[in-house]
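>>> only the shape, not the letters, is given here:
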């Protein structure tokens with residue numbers, strides 16, 4: 001199991017969640033943040049840090065955002081080699 005970043009994160013870009021992640025498994029692009037399901041250890045530390053409540057356990061993602069489970073996996077795979085890992089709080093644009 002892993003955690004998933006969903007629709008409330010789109011164009012939000014709070015990065016409070018990445019600071020507490022012990023596995024540094026967050027990646028980002030100009031749209032939102034994503035969690036790499038291969039690196040996530042399901043610790044849940046990021047969940048209470050997300051001010052827009054966008055992070056869910058993959059098995060508990062609301063039906064309307066079910067596609068975000070695969071989107072997180074796909075985007076992490078694309079972004080990981082390019083060094084798009086986000087580990088520090090970023091200024092909001």
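Looks like it arrived, so ask away. Predicted, not measured: the structure shown is a model, and the values here were computed from it.
>>> so what's the residue count around residue 59?
9 (other Cβ atoms under 10 Å). Just so you know, the C-beta spots here come from the backbone N, C-alpha and C atoms, and that holds for glycine as well.
>>> quick one: average pLDDT of stretch 25-36?
Stretch 25-36 shows a mean pLDDT of 96 in the predicted model.
>>> what's in contact with stretch 23-36?
2-5, 9-13, 15, 17-18, 39-41, 43, 46, 55, 71-73, 75-77, 79-80, 84-87, 90 (Cβ atoms under 8 Å, 6 or more residues apart in numbering).
>>> so what's the gap between that stretch and the chain middle?
5 Å (Cα atoms, centre = their mean, to the nearest Å).
>>> what are the buried residues along that stretch?
For stretch 23-36, burial by neighbour count (16 or more other Cβ atoms under 10 Å) applies to 25-28, 32-36.
>>> please pick the buried ones from the contacts of stretch 23-36.
Buried subset of the contacts of stretch 23-36 (neighbour count, 16+ other Cβ under 10 Å): 2-5, 9, 12-13, 15, 17-18, 39-40, 46, 55, 71-73, 75-76, 79-80, 84-86.
>>> tell me which entries of those lie within helices.
Mapping the buried ones among the contacts of stretch 23-36 onto helices (DSSP state H) picks out 17-18, 71-73, 75-76, 79.
>>> for residue 7, see how far away residue 72 is.
The spacing between residue 72 and residue 7, counted by Cβ to Cβ, to the nearest Å, is 12 Å.
>>> any low-confidence regions in this structure?
Along the chain, segments meeting pLDDT under 70 span 93.
>>> strands along that one, start to end?
For the chain, the strands defined by DSSP state E cover 3-5, 26-28, 33-35, 55-57.
>>> can I get these in a markdown table with distance to residue 63?
Formatted as a markdown table, the strands of the chain follow (distance: least, Cβ to Cβ, whole Å):
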| stretch | distance to residue 63 |
| --- | --- |
| strand 3-5 | 13 |
| strand 26-28 | 24 |
| strand 33-35 | 19 |
| strand 55-57 | 11 |
